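Engineer: I'd like to go over a predicted model; first the sequence, then the structure.
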Amino acid sequence: MGPQYPIGQILFVRSLFAMVPILWLAYRLSGWQELRTRRISAHLYRSGAGICSMFFTFTAVSMIPLATVMALSYVAPIFVTILAIPMLGETVPLHRWAAVIIGFAGVLLVVHPDVSGISLGAVLSLAGALTAALAMIFIRRMADTESSTATAFYFTLAGVVVGAATLPFANVWPELADIPTLIAIGLVGGIGQILVTMAYQLGAASMVAPFGYVSLVFSLGIGFIIWGELPTMIELFGIFVITISGFVTAFYERQR
């Protein structure tokens, strides 16, 4: 949808329809009690970081190849691991550092980005990764008092407000054929937001972060099913490295 619609409009539609699964879950869990909060400022920090990440990443996708954006987005787990030390006071064991570094090496093997220079799109991708990492850190800091449903709800509400504020300046009336896709972006985004938020509330941020690499495996699988894209041998090796890094982290955490 990127080439056809402004980024703010995509953010608005994504957030608006993401409200459907989030509100359904809140009602089923507690009849709206899940949404009560006394930490609005904390939600503002988390929402601000998350919305900035979406703007940076969505814009980068329209400027540079998707594979490059994917590669740079996987710097986020490294940022999370680093930021978890001063911001959360977490002690990061050597095996977590190893998992993050090995996982990122696997990402580079899969997408083998061009390192001859850095463009504005690449800078925006890195900014998106950094702000995404900050969002995950803020989620972890709220875990003791805020439910995952409330965290997802206030972030999505902020996305609706910010996205709607951009519509008077840039908007395109959607074509009939694009409406199902735009709705799907919101529904899938809302479900994914709930699951990611729950993960960071239930586990240490520096432990959960390396598992983000596994989404690359899903991305390549979807690419093959929908577009018939076949990974090369070096890409398959990179997928293997990424998966191993996640399993190593899970094994050590279980042993502890």
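Structural biologist: Sure, I can see it.

Engineer: any idea how far Gly189 lies from Ile225?
Structural biologist: Separation of Gly189 from Ile225 (CB to CB, to the nearest Å) stands at 20 Å. (Each C-beta comes from the backbone N, C-alpha and C, glycine too.)

Engineer: Which of the two has more residues huddled nearby?
Structural biologist: More crowded of Gly189 and Ile225, by other CB atoms under 10 Å: Gly189, with 20 against 9.

Engineer: Tell me which residues are up against the strand or helix carrying the more buried one.
Structural biologist: Gly189 belongs to helix 179-202 when assigned by DSSP states H and E. Outside helix 179-202, the residues that touch it by CB atoms under 8 Å, 6 or more residues apart in numbering are 1, 5, 10, 13-22, 25, 136, 139-140, 142-143, 146, 148-149, 151-152, 155-156, 174, 208, 211.

Engineer: same question for that helix, mean pLDDT?
Structural biologist: For helix 179-202, mean pLDDT rounds to 85.

Engineer: hmm, back to that, and the contacts of helix 179-202, which of them are buried?
Structural biologist: Neighbour counting over these (16 or more other CB atoms under 10 Å) leaves 5, 10, 13-19, 21-22, 25, 136, 139-140, 142-143, 146, 148-149, 151-152, 155-156, 174, 208, 211 as the buried ones.

Engineer: residue contacts, the nearest residue to Gly106 once chain neighbours are set aside?
Structural biologist: Closest residue to Gly106 apart from its sequence neighbours, by CB to CB, 6 or more residues apart in numbering: Val241 at 3.3 Å. If you count contacts by CB under 8 Å, 6+ apart, Val241 has them with Ile102, Gly103, Ala105, Gly106, Leu109.
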